[in-house]
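S.K.: Got a predicted structure plus its sequence, pasted below:
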Amino acid sequence: MKSRDVFSYSFSAIRLRKLRAGLTTLGVVIGIAAIVALLSITQGLQDTITRQLQTGFATDTLIVSTGGGFGAGIGGRTGADSGFRLLINYTQMINGLSPNITTSIAIIQRVGFIKSGNITRVATIVGVDFAEYSDIYSSTFVNETGNIPLIPTNETVVVGKLVSNPWKNGTLFCNVNDDVEIKWINATVIPAKNETYTGHVAAVLKEIGGFGVGPSDSSVYIPISKAESFFGTDECNMIIVKLKNDDKATINSASKAIKDAFSNEVSVTSATAVLNILSSVFSVIELFLAGIAAISLLVAGIGIMNIMIVSLMERTREIGILKALGMKSRTVLMVFLGESTIIGLMGAAIGIGSGWVLANVVAIVFHGGGVFFGNQAMGTGGISITPVLTPTVLLGALVFGVGVSVVFALYPAWRASKLKPVEALRYE
Amino acid sequence: MTAIVEALNLKKTYMLGKVPVEALRGVNLKVESGDFLAVLGPSGSGKSTLLNLIGALDKPTEGKLLIEGVDVSTLNDNQLAGLRRRVGFVFQFFNLIPRFTARENVELSMSIADIDRAERRKQAEDLLETVGLKERMNHKPAELSGGEQQRVAIARALANTPRFLLMDEPTGNIDSKTANEIMGLIKRLNEEKGVTIIMVTHDQRLATQAKRAVQMFDGVITREIVN
């Protein structure tokens, strides 16, 4: 029997039992839709976060911090049991460590408050050298309104978009040329002391949307010299080192030079390394989610097996007729596998479409509801996730859907093929 | 004349639970090309078992069954399927596929034999015309009378130009008037087209219409009658 005739015969059997075939297909649809939706959302989230990180980090930079690496660098000093302190003026020494290092800047940051009018908001106060910071983050530390002075005065303040416009309803918290009060609770003295000064907003940054160690929408930038006196420290949270390029060799040699210079008292993290870690974390998450979704597909597979066994019992006589007409056992097997292939194909195709729609609906709902990083209190702004359906996921879902259907139909199909014609014809 | 079917001391034993049942106890039979043989016998005499063995639907327990000189017991599954494609089977209960039309039912046996769609469609129409059912070829079995269904079954059995037709009580499930028409058709196929026919029946009257008949009882042939 020709393959086309086998499929045609299988299809006619499916058409005869539309409701049953429909319900069986629904199992595959749900499984595939779950896989596609979860994977495309995860992939979209990964892409978004990677993009945001690439915006936040510059790939040709290294982050030098004390103790536990990148996390410690952001949060402040941890694990520096040896008493090592990362000082602001280490930048000069770092600059001379390797020809691959172009420049380096120190960053001091504290969680503080910014007051405009009668409203006080929490903000991250970041002390940087405006000129060098603009040079390293030339695409993100960019003014939308006002001007970022390369030689700022002590009162100069540059605010992120979300600081200026936190409510996004037309009312601004502060704007260029406004005087704002910068406040920090100094807990290093007992009793804790409120430190305040009045700054002058020179510029509002363009919306960045990213997160990481680079410029952020929710930060308030003040000159490094002012930060030193305001926070009363000569110690920085991290030093950003700009390299000549982002080649792996350049990153490795510069990292080694810095670590050696500080006798391994510092952590040196590259943006590329962070992205790689993130990528592996997402791979594990994807695998985990796909595994959960695959369980529903396995349940669908058992449903297919169940239906096929019922179908086999109902059609025993028909199989007897086919064999009496000269159909080979192998062809009977193909007829049954053909039915499951059609169910798998239809289920996978509809499942992929449904999963894609579901992923987009979820992305819209999540973005609208501010679930993923959309929490204003976190000060990161809303990140829109665009679900990504890669050809691998598409093809994988199709193959998996059909594969599960075929695998679970193997046993009933094999039983059908092994029926003896004379016994099958006698079956009532 | 060439022997198409030759049974030599053919035996078949079934197991009914743990009890062996001897359905055939040593049948010797020879059917030649162009023959029309009726196998007569009461229920349980072994005539249907004999027919199933000749149609390669089952294998003998003992003895030899030669179809066109080939010993059936030496054939594997695929070869048996190939043999069945060269045999036309007509069943008492028609055994048509309910979801297919008359034409599709006839086409089915040709599609199993790898015949192209256009060719099998034409042949199916010709065969249905031969059995006088061309006008009803697009009807499904449920829309056809018993006699019409049996005509479709005969047309299906004639597809692939079989070496012989095996008929198991072909008129057993239809009224006497239609049964006469079907018998007329079967005789015409034998006389005019030279189709070799082996027909199982319990009806003495129908057996007289065959060229010769054998009487079976308790798994053996007890008598041979030449009409």
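M.R.: All right, it came through fine.
S.K.: residues in chain B within reach of chain A, list them.
M.R.: Within chain B, the positions adjacent to chain A are B:52, B:55, B:57-58, B:77-78, B:81-86, B:89, B:91, B:95, B:97, B:99-100, B:108-109, B:111-114, B:156, B:160 by CB under 8 Å from any CB of the partner chain. The way it works is simple: take the backbone N, C-alpha and C, and place the C-beta from them, glycine included.
S.K.: PyMOL command for the buried members of those?
M.R.: In PyMOL syntax, the buried subset of these is picked out as below (16 or more other CB atoms under 10 Å in any protein chain shown):
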select buried, chain B and resi 52+55+57+58+81+83+84+85+86+89+91+95+97+99+100+108+109+111+112+113+156+160
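S.K.: Any idea which residue of the stretch 251-400 of chain A lies closest to chain B?
M.R.: A:Gly326 (3.1 Å; CB to the nearest CB).
S.K.: Quick one: mark the members of the residues of chain B next to chain A that sit in strands.
M.R.: Within the residues of chain B next to chain A, residues falling in strands by DSSP state E are B:Phe89.
S.K.: Could you list the low-confidence segments of the stretch 201-350 of chain A?
M.R.: A:210-213 (pLDDT under 70).
S.K.: Ignore what I typed, I meant chain B.
M.R.: B:1-2.
S.K.: any idea which helix or strand carries the residue nearest the centre of it?
M.R.: By CA atoms, centre = their mean, the mean C-alpha position of chain B lies nearest to B:Leu166, the distance being 1.6 Å. According to DSSP states H and E, B:Leu166 maps onto strand B:164-168.
S.K.: Can you tell me what sits against that strand?
M.R.: B:4-5, B:31, B:48, B:51, B:54-55, B:87-92, B:154, B:157-158, B:186, B:189, B:195-200 (CB atoms under 8 Å, 6 or more residues apart in numbering or on different chains).
S.K.: Can you show me the helices along chain B?
M.R.: Assignment of helices within chain B using DSSP state H yields the ranges B:47-54, B:77-85, B:102-112, B:117-130, B:146-158, B:176-193, B:204-207.
S.K.: now swap in the stretch 101-250 of chain A and tell me
M.R.: If DSSP state H, counting those that start in this stretch is used as the criterion, the helices of the stretch 101-250 of chain A fall at A:130-136, A:161-164, A:224-231, A:248-261.
S.K.: wait, doesn't B:Ala179 sit right on B:Glu169?
M.R.: No - using CB atoms under 8 Å, B:Ala179 is not in contact with B:Glu169; the gap is 10.3 Å.
S.K.: check contacts around the residue in the stretch 1-150 of chain A that chain B sits nearest to.
M.R.: Proximity of the stretch 1-150 of chain A to chain B (CB to the nearest CB) peaks at A:Asp5, 4.5 Å away. Listed by CB under 8 Å, 6+ apart, the contact set of A:Asp5 reads B:Ser111.
S.K.: quick check, it in a helix?
M.R.: Yes - counting by DSSP: H, G, I helix; E, B strand; the rest coil, A:Asp5 is located in a helix.
S.K.: Find the residue closest to the most centrally placed residue in chain A in space, skipping its chain neighbours.
M.R.: For chain A, the residue nearest the mean C-alpha position is A:Gln46 (2.5 Å; CA atoms, centre = their mean). Spatial nearest neighbour of A:Gln46, chain neighbours left out: A:Phe282 (4.2 Å); criterion: CB to CB, 6 or more residues apart in numbering or on different chains.
S.K.: In the stretch 251-400 of chain A, what residue spans correspond to strands?
M.R.: A:266-270 (DSSP state E, counting those that start in this stretch).
S.K.: interface residues of it facing chain B?
M.R.: So the stretch 251-400 of chain A meets chain B at A:317-318, A:320-331 (CB under 8 Å from any CB).
S.K.: please redo it, this time with the cut-off set to 7 Å
M.R.: Within the stretch 251-400 of chain A, the positions near chain B by CB under 7 Å from any CB of the partner chain are A:318, A:321, A:324-329.
S.K.: Distance check, the closest residue to A:Glu318 other than its chain neighbours against B:Ile112.
M.R.: Closest residue to A:Glu318 apart from its sequence neighbours, by CB to CB, 6+ apart: B:Ile97 at 6.3 Å. Separation of B:Ile97 from B:Ile112 (CB to CB, to the nearest Å): 12 Å.
S.K.: before we move on, what about A:Arg17?
M.R.: Counting by CB to CB - A:Arg17 and B:Ile112 are separated by 22 Å.
S.K.: how near is A:Val204 to A:Gly160?
M.R.: Counting by CB to CB - A:Val204 and A:Gly160 are separated by 8 Å.
S.K.: Those two: who's more crowded?
M.R.: Remark: of A:Val204 and A:Gly160, A:Gly160 carries more neighbours, 26 against 23, as counted by other CB atoms under 10 Å in any protein chain shown.
S.K.: separation between that one and A:Pro166?
M.R.: For A:Gly160 relative to A:Pro166 (CB to CB), the value is 10 Å.
S.K.: Could you do B:Val39 as well?
M.R.: From B:Val39 over to A:Pro166 (counting by CB to CB), the distance is 97 Å.
S.K.: Neighbour count for those two, which is higher?
M.R.: The residue with more neighbours, out of B:Val39 and A:Pro166, is B:Val39; 28 against 21, by other CB under 10 Å.
S.K.: what residues are up against B:Leu144?
M.R.: B:Leu144 makes contact with B:102, B:136, B:152 under the criterion CB atoms under 7 Å, 6 or more residues apart in numbering or on different chains.
S.K.: okay, now the last one: neighbour count?
M.R.: As a burial measure, B:Val152 scores 28 neighbours (other CB under 10 Å).
S.K.: Could you do the second one as well?
M.R.: The number of residues packed around B:Arg136, counting by other CB under 10 Å, is 17.
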